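Visitor: kindly generate the corresponding structure for this input.
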Amino acid sequence: MVRSIDRVAAWSGNLFCWMIIPLVLAMVYEVIARYAFHAATIWSYDVSVMLYGSHFMLGAAYTLLRGGHIRTDIFYMNWSARTKGIVDASLYLFLFFPGMALFFWMGLQEALQSWSIREVSDASPWRPIIYPFKAVIPLAALLLIIQGVSEFLKSLYAAVKGQPL
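Guide: Down below sits the predicted model:
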C-alpha cells in the first residue's frame, strides 16, 4: 500500500515538473519582447505567477516523498529510528493531518466560489481567469494528504519495528 501511494506522488511530481517549460518560455518571450523590441507584454507577469505558484504547490507531495521539506535535523539526526518514527507519527497525526484537512477544506471552498463566479484577476489590465489557479490549492492539499498517509505508515513501521521502511 505504501509503495502504491508513493507512486502517486512520484507520478504527480513527474507530471507537474513539466510546468517549468511554459514558465521558462513565457519568461524568455517577455525578456526578448521587452529588451529587443521594446514591446513588453501585459500577460507575462500573471502567467509566470500562476505557473510558478502551481509548480510550487503541486510539487509539494513529491517533495514530501523525497524528504525535501524542512526539518530540524540538529536533534533529529541523533535519534534512533524508533524515536524518529514515534515523533514523526505523532506530528503527522496531530499537526500535519489537521492542518492539511483545514487547508484542503478552505481551499476547496475558495476554489468552488471562484469557479461559480468565473473569477478573473483585478491585479492587471489583462484580467486573466484565476479559477483554475485557485483549484490548485485543494488539489495540492489532497496530494499532500495522500502522501502524508504513506509517510505516517512509514513512521508507524519505524516506531514499531525500530527500522525505517
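
Visitor: contacts, neighbours, all on C-alpha from now
Guide: OK.

Visitor: which outside residues touch the helix-or-strand element of the chain with minimal mean pLDDT?
Guide: Least confident helix or strand of the chain, by mean pLDDT, DSSP states H and E, is helix 73-76 with a mean of 80. Contacts of helix 73-76 with the rest of the structure, by C-alpha atoms under 8 Å, 6 or more residues apart in numbering, involve K84.

Visitor: helices of this protein, start to end?
Guide: Under the criterion DSSP state H, the chain carries helices at the ranges 2-16, 20-37, 44-58, 60-65, 73-76, 81-91, 97-117, 131-161.

Visitor: so which of those gets nearest S124?
Guide: Closest to S124 of the helices of the chain, according to C-alpha to C-alpha: helix 44-58, at 7.7 Å.

Visitor: by how many degrees do that closest one and helix 131-161 diverge?
Guide: Calculated by axes from the mean of the first three to the mean of the last three C-alpha atoms, to 10 degrees, helix 44-58 forms an angle of 20 degrees with helix 131-161.

Visitor: residues of helix 44-58 that come out buried?
Guide: 44, 46-48, 50-52, 54-58 (16 or more other C-alpha atoms under 10 Å).

Visitor: closest one to A10 out of those, please.
Guide: Closest approach to A10 among the buried residues of helix 44-58 (C-alpha to C-alpha): L58, at 11.5 Å.

Visitor: nothing else from me, thank you.
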